[in-house]
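Novice: Next input, structure requested:
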Amino acid sequence: MNNTEAIILAGGMGTRLRAAVPDLPKCMAPVNGRPFIGLVLDSFLQQGVTKFILSLGYKAEVIIDFVNAHYSTLNVKYSVEEEPLGTGGAILLACRKATEKDVIACNGDTLFNIDLMKLLGFHSMSGAHCTLSLKPMKNFDRYGVVELNNDYSIRSFREKQHYEQGLINGGVYALNVGKFLNESLSGNFSFERNYLETLYTKRRMFGVVQDKYFIDIGIPEDYERAQRELVTES
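Specialist: Below is the predicted model of the structure:
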C-alpha cells in the first residue's frame, strides 16, 4: 500500500444539512466537534494510504485551512472546481493530478470502513476499469441496489425504492485512471449515472462486498446518528 492514492470528493454544499451545518462544505460538518472529513482521512491513513487528492468546490479554503492546520505533513494535492462539475466531472478533474495507475475514489461525506487492500487487490487482479465497494443492507429505501453476476461483475443497477435487502453502492471505488480519462466524458456529469450506470455493460466493472461500518451524513437523520456512533479524537 506504499503508493496508494485516494481522491476524496469534498466539494459539496450540504444543502440538506443547512439547518444543522450552516455555511460549511458538507464534509466539514462537525461530528462531536471534529470535521467529518478528518474521520475519512484518518481511516485511510490507518490503512497506509500515502497520497491524497482533495476535490474541492464550495468554500474550498475552509477545507485547505483545516488540512494545513491538522495534517501539515500530509501528501496532498487540491483539485478545485471553477464551477460545479458533478461527481463525475470532479473525479475526472482530480484524475489529471493522479500519479498512480489506479486510485481509490470516495465521497467526503461518507465513511465506509472497508479493507482497501481487498478492494485494490481484486481490482488489479480482475483488470477492472472500476470496482465498487458494496454494502449489504436490510429494509431501506434511500439507496438503489446493485446486482452482481457469479464472477462479481455488475449485472444491474436498480432504482431507489423500498427493498427488504440488497447490496448498495457504498461510494468507495477503485478506478483505473487511464481508462477513465480515455472515456468521452467531460463537463458536469454524474459518476454514478453517466459512467457506472451507462457503461457497466460495455466496461469491466465489478463489485466487492464488504459488510463493514457505513454512514452517509448527507441527510439530517444520519448526521445525528453520526454524533451518537462516531467517537472522535480531538
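
Novice: just checking, what packs against the longest strand anywhere in the chain?
Specialist: For the chain, the strand with the greatest residue count under DSSP state E is strand 163-176. Taking 3 or more C-beta pairs under 8 Å, 6 or more residues apart in numbering; DSSP states H and E as contact, the helices and strands that strand 163-176 lies on are strand 102-107, strand 110-112, helix 116-126, strand 130-140, strand 145-148. C-beta coordinates here come from the backbone N, C-alpha and C atoms, glycine included.

Novice: Which parts of the protein are strands?
Specialist: 5-9, 30-31, 34-35, 51-56, 76-80, 102-107, 110-112, 130-140, 145-148, 154-158, 163-176, 205-209, 214-216.

Novice: got CSV for the ones you listed, with distance to Asn194, mean pLDDT and mean neighbour count too?
Specialist: Listed next are those as CSV, based on distance: least, C-beta to C-beta, whole Å; pLDDT from 0 to 100; neighbours: other C-beta atoms under 10 Å:
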stretch, distance to Asn194, mean pLDDT, mean neighbour count
strand 5-9, 15, 98, 25
strand 30-31, 31, 94, 18
strand 34-35, 30, 94, 20
strand 51-56, 17, 98, 24
strand 76-80, 19, 98, 18
strand 102-107, 15, 98, 25
strand 110-112, 20, 97, 22
strand 130-140, 13, 97, 20
strand 145-148, 16, 98, 18
strand 154-158, 12, 98, 17
strand 163-176, 14, 98, 21
strand 205-209, 14, 98, 22
strand 214-216, 21, 96, 19
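
Novice: Rebuild the ones you listed as TSV, extending it with distance to Thr15.
Specialist: Converted to TSV, these look like this (distance: least, C-beta to C-beta, whole Å):
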stretch	distance to Thr15
strand 5-9	15
strand 30-31	17
strand 34-35	18
strand 51-56	17
strand 76-80	20
strand 102-107	15
strand 110-112	16
strand 130-140	22
strand 145-148	25
strand 154-158	24
strand 163-176	18
strand 205-209	29
strand 214-216	15
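
Novice: Distance of the residue nearest the centre of the chain relative to Glu224?
Specialist: The structure's the chain has its C-alpha centroid closest to Cys106; by C-alpha atoms, centre = their mean the separation is 1.5 Å. Cys106 sits 22 Å away from Glu224, going by C-beta to C-beta, to the nearest Å.

Novice: ok so, going back, with distance to Val231 added, can I get the helices and strands packed on strand 163-176 in a markdown table?
Specialist: A markdown table is the format used below for those (distance: least, C-beta to C-beta, whole Å):
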| stretch | distance to Val231 |
| --- | --- |
| strand 102-107 | 21 |
| strand 110-112 | 13 |
| helix 116-126 | 22 |
| strand 130-140 | 21 |
| strand 145-148 | 30 |
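
Novice: can you tell which of these is closest to Gly178?
Specialist: Among the helices and strands packed on strand 163-176, strand 102-107 comes nearest to Gly178, with 9.3 Å by C-beta to C-beta.

Novice: so what does that closest one touch, helix or strand wise?
Specialist: Contact here means 3+ C-beta pairs under 8 Å, 6+ apart; on that basis strand 102-107 packs against strand 5-9, helix 86-95, helix 116-126, strand 163-176.
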